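Enquirer: Would you be able to build a 3D model of this:
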Amino acid sequence: MRKLLAPLMGLVLAVAVAACGGNAGSGGSGSGSGDQGPIKVGLIVSLTGNYTPLGSEDKKAVELAVEQVNAQGGLLGRKVELVTRDDKTAPDQGIVAYNQIKGDIDALIGPVFSNSALAVEPLAQRDKMPYLSLAPAQEQVEPIKSYVFVTPALSSMYAERYLQYIQAEGIRTIAVAWDSKSAYSVSGHKAMTALAAKYGVTIAVDEPYETTNSDFSALFQHVRDSSAQALVFWGSGAPGVTAAKQYVASGLKTPLFLTASQASKLWLEPMGAAAEGMTVQSAIGVIGDALPAGKQKQVIEQMAGPYQQKHGYPPPQFAQDGYSASLLLFEAIRKAGSTDKAKVQQALESMDLVTPNGRFRYSATDHSGLSPEYISVNTVKNGTFVPTEWAMQQLTKTVSALG
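Expert: Residues are numbered from 1 along each chain as shown. Model (predicted):
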């Protein structure tokens, strides 16, 4: 269980742990617009539909961040108010939700479903709405849209991190399965295919499936008949559980590698003992307990202790994303000294901040902000995610550089 922190390191939230020391606390105590009402933050996430488990964790984390900042006096002397809507895990409903609240909010966080995020993105850009997406699809930031920023590590970063690990493990041939109906999965597959040769890796099986697929026996047979030394499975939500359970039942000996969408109790609990020994990626915050002391661990504990105290379990992957998005937005408003959307956008583009997801360094040419070095590769041991020896060596070097 994560160490519970005493009445919170509000100071860490108030200052947010700026990586380079000079970002936090600017902006003074009053809004540049003179508005003394609440600062309204929109949150669009999946609270019904296939991605309910993901969206509900994002919501809990954003609510925690809002509670913490309000307990410290709010932002610019004003309380923060959350305006939440459900996209029902459907892009068209994401658009409906955005149109319902766009006139009432100062900035937007969400959605977690990549297809919904991509649907909302052009609307936020059109309205010049500062928008921190909770989805990792590459297309959101390629090309750059000035008001659109991404909080999770991009699919391409997860792909590259796995290839780094695969190379280090001496694996030369892999199989890749990917959800052709998920923008996250499509982006990850595309990046893995493009980067494989760089790491001396050959893809022996390249197999698409659809989100609704409930039988992966053909995939496992194709892998069994191939020279693949590992199977990388790209998928979110139900397919991650279904495929992993059927993998165990199939008796396939080729190691199964799962992406960060499975880095939560929402995957661990239905898998039970069958998950033991499987390889799963995650954001650095998921394995915060294993990290050496320093800025990165401090900001992770700022979230993890209160979250576990409130909900009874450590914050999963999706909660890390929601909390990190909140810290980034709060710090941008502080730096802007206002809720003026153009000033908040400019503040985001110069952001350098340590969050539970790692150190973000947004710029005019980089609206993802993260790098693959903040991604962990884990194995499941006794029902928890534990960094591999390789990942621990890599992460220790990364966080030690932060101080």
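Enquirer: okay, now Ile39: neighbour count?
Expert: Using other CB atoms under 10 Å, Ile39 is surrounded by 22 other residues. Bear in mind the C-beta positions are built from the backbone N, C-alpha and C, glycine included.
Enquirer: Let's see the pLDDT reported for it.
Expert: Reading off the confidence values, Ile39 has pLDDT 98.
Enquirer: Distance of it relative to Thr279?
Expert: 41 Å (CB to CB, to the nearest Å).
Enquirer: what do you get for Ala137?
Expert: Counting by CB to CB, the gap from Ala137 to Thr279 is 23 Å.
Enquirer: So between these two, which is more surrounded?
Expert: Ala137 (26 against 18).
Enquirer: Buried ones in the host helix or strand of Leu195, by neighbour count?
Expert: If you go by DSSP states H and E, Leu195 is part of helix 183-195. By neighbour count on 16 or more other CB atoms under 10 Å, the buried set for helix 183-195 is 183-192, 195.
Enquirer: Now do the buried residues in stretch 370-387.
Expert: Neighbour-count burial for stretch 370-387 [16+ other CB under 10 Å]: 370-380, 384-387.
Enquirer: my guess is Met303 contacts Glu67, does it?
Expert: No - if you go by CB atoms under 8 Å, Met303 and Glu67 don't touch, sitting 11.6 Å apart.
Enquirer: Between these two, which has more neighbouring residues?
Expert: Met303 (31 against 15).
Enquirer: can you list the residues that contact the helix holding Leu195?
Expert: Here helix 183-195 makes contact (CB atoms under 8 Å, 6 or more residues apart in numbering) with 114-115, 117-118, 135-139, 154-156, 158-160, 162-163, 176, 178-180, 203, 206, 208, 232, 234-236, 259, 261.
Enquirer: Please apply the same query to stretch 162-171.
Expert: By CB under 8 Å, 6+ apart, the list of residues contacting stretch 162-171 reads 174, 192, 195-196, 198-201, 229-230, 232, 257, 259, 281, 372, 377, 388, 390-391.
Enquirer: Can you give me the pLDDT of Ala183?
Expert: Reported pLDDT for Ala183: 87.
Enquirer: Identify the residue nearest it in space, chain neighbours excluded?
Expert: Leaving aside its chain neighbours, Ala183 sits nearest to Ser114 (3.7 Å; criterion: CB to CB, 6 or more residues apart in numbering).
Enquirer: Could you count how many residues lie near the one you found?
Expert: Neighbours of Ser114 (other CB under 10 Å): 27.
Enquirer: In this structure it contacts Ser182, no?
Expert: Yes - if you go by CB under 8 Å, Ser114 and Ser182 touch, sitting 6.5 Å apart.
Enquirer: what about the residue nearest to Ser214 when sequence neighbours are not counted, distance to Lys310?
Expert: Spatial nearest neighbour of Ser214, excluding adjacent residues (CB to CB, 6+ apart): Thr242 at 6.0 Å. From Thr242 over to Lys310 the distance is 30 Å, taken as CB to CB.
Enquirer: same thing with Lys245?
Expert: 30 Å.
Enquirer: The two: which has the busier surroundings?
Expert: Lys245 (16 against 13).
Enquirer: Is the more buried one in a helix, a strand, or coil?
Expert: Three-state assignment for Lys245 (DSSP: H, G, I helix; E, B strand; the rest coil): helix.
Enquirer: Please name the residues that touch it.
Expert: 270-271, 274.
Enquirer: If you rank the residues you listed by neighbours, which is first?
Expert: Result: Met271 is most packed of the contacts of Lys245 (other CB under 10 Å), 20 neighbours.
Enquirer: What confidence value was assigned to that residue?
Expert: 96.
Enquirer: Identify the residues contacting it.
Expert: 241, 244-245, 278.
Enquirer: Nearest to Lys253 among those?
Expert: Met278 (13.0 Å; CB to CB).
Enquirer: Buried residues of stretch 386-397, list them for me.
Expert: 386-388, 391-392, 394-395.
Enquirer: got the CA positions of the helix or strand containing Gly305 in CSV?
Expert: Element membership for Gly305, per DSSP H and E: helix 295-311. As requested, the backbone C-alpha atoms of helix 295-311 are provided in CSV (Å, rounded to 0.1, in the frame of the first residue of the first chain):
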residue,chain,number,x,y,z
LYS,A,295,10.9,15.5,-7.2
GLN,A,296,9.3,12.8,-9.3
LYS,A,297,8.3,10.6,-6.4
GLN,A,298,7.2,13.6,-4.4
VAL,A,299,4.6,14.6,-6.9
ILE,A,300,3.4,11.0,-7.4
GLU,A,301,2.9,10.7,-3.6
GLN,A,302,1.0,14.0,-3.6
MET,A,303,-1.6,12.2,-5.6
ALA,A,304,-1.3,8.6,-4.6
GLY,A,305,-1.7,8.9,-0.8
PRO,A,306,-4.9,10.9,-0.9
TYR,A,307,-6.3,8.9,-3.8
GLN,A,308,-5.8,5.6,-2.0
GLN,A,309,-7.2,7.0,1.2
LYS,A,310,-10.3,8.2,-0.6
HIS,A,311,-10.9,5.2,-3.0
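Enquirer: helices or strands up against that helix?
Expert: helix 10-15, helix 52-71, helix 317-336, strand 352-355, helix 389-400 (3 or more CB pairs under 8 Å, 6 or more residues apart in numbering; DSSP states H and E).
Enquirer: between the third one and helix 295-311, how many degrees?
Expert: Angle, helix 317-336 to helix 295-311, by axes from the mean of the first three to the mean of the last three CA atoms, to 10 degrees: 120 degrees.
Enquirer: May I have whichever helix or strand comes after helix 317-336 as CSV, with CA atoms only?
Expert: Using DSSP H and E, the helix or strand that follows helix 317-336 in sequence is helix 341-349. What follows is helix 341-349, C-alpha atoms only, in CSV (Å, rounded to 0.1, in the frame of the first residue of the first chain):
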residue,chain,number,x,y,z
LYS,A,341,-7.6,31.7,-23.1
ALA,A,342,-4.8,33.1,-25.3
LYS,A,343,-2.6,33.8,-22.2
VAL,A,344,-3.3,30.3,-20.9
GLN,A,345,-2.4,28.8,-24.3
GLN,A,346,0.9,30.7,-24.3
ALA,A,347,1.6,29.6,-20.7
LEU,A,348,1.1,26.0,-21.7
GLU,A,349,3.5,26.3,-24.6
